[in-house]
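*Asks:* this one's structure only:
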């Protein structure tokens with residue numbers, strides 16, 4: 001595909017931002033798009049849960065994607081620290097990369113859980129393209 005990408009490629013920008021952030025990568029072994037069943041803690045999984053499109057008067061699109069970022073760690077405090085690093089990386093981010101212009105990315109929700117042997121911090125970001 002050419003240089004012009006749509007909201008469907010938002011995950012590429014999220015992945016690039018997270019994997020290039022030193023604080024995030026010092027706390028996580030790997031960043032996975034979608035789901036990884038055989039990952040070694042700590043790790044991050046991200047995925048798009050929804051998207052929307054608004055037409056502007058100029059006929060330009062204003063696309064929005066909701067991206068979930070899940071931080072899996074061995075203990076709660078480690079998870080909170082990783083979630084803080086992810087938020088510092090993504091919250092308020094504006095970036096043009098890989099043919100996609102992300103105009104904004106903001107944390108809109110968060111939740112905590114414990115799944116199997118992992119503490120999970122779920123961060124929800126609204127990304128506008």
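*Replies:* The structure has been received and is ready for your questions. Everything quoted here is computed from the prediction, not taken from an experiment.
*Asks:* ok, residue 24 - contacts?
*Replies:* By Cβ atoms under 8 Å, 6 or more residues apart in numbering, the contact set of residue 24 is 18, 31, 44, 82, 85, 86, 89. Quick note: C-beta positions are derived from backbone N, CA and C, even for glycine.
*Asks:* Which of the residues you listed fall within strands?
*Replies:* Using DSSP state E, the members of the contacts of residue 24 that fall in strands are 31, 44.
*Asks:* so where does residue 70 fall, helix or strand?
*Replies:* Residue 70 is located in strand 61-73, with elements delineated by DSSP states H and E.
*Asks:* Which residues belonging to that strand are considered buried?
*Replies:* 63, 64, 65, 66, 67, 68, 69, 70, 71, 72, 73 (16 or more other Cβ atoms under 10 Å).
*Asks:* Need the worst-confidence member of those.
*Replies:* By pLDDT, residue 63 ranks lowest within these, coming in at 89.
*Asks:* Give me the nearest residue to that residue, chain neighbours excluded.
*Replies:* residue 7 (3.7 Å; Cβ to Cβ, 6 or more residues apart in numbering).
*Asks:* Could you tell me how far that neighbour is located from residue 87?
*Replies:* Relative to residue 87, residue 7 is positioned 22 Å away (Cβ to Cβ, to the nearest Å).
*Asks:* What is the neighbour count of the residue nearest to residue 63?
*Replies:* Neighbour count of residue 7, defined by other Cβ atoms under 10 Å: 20.
*Asks:* cool, and the one 4 residues further on?
*Replies:* Residue 11 has 17 neighbouring residues, counting by other Cβ under 10 Å.
*Asks:* What of residue 20?
*Replies:* What residue 20 shows, counting by other Cβ under 10 Å, is a neighbour count of 11.
*Asks:* if we can go back for a sec, show me the contacts of residue 24 that map onto helices.
*Replies:* Of the contacts of residue 24, the ones assigned to helices by DSSP state H are 18, 82, 85, 86, 89.
*Asks:* Which one of the residues you listed is nearest to residue 123?
*Replies:* residue 86 (5.9 Å; Cβ to Cβ).
*Asks:* tell me the contacts of the closest residue to residue 50 other than its chain neighbours?
*Replies:* Excluding the flanking residues, the one nearest residue 50 by Cβ to Cβ, 6+ apart is residue 66, at 4.7 Å. With contact taken as Cβ under 8 Å, 6+ apart, residue 66 is in contact with 48, 49, 50, 51, 108, 124, 125, 126, 127.
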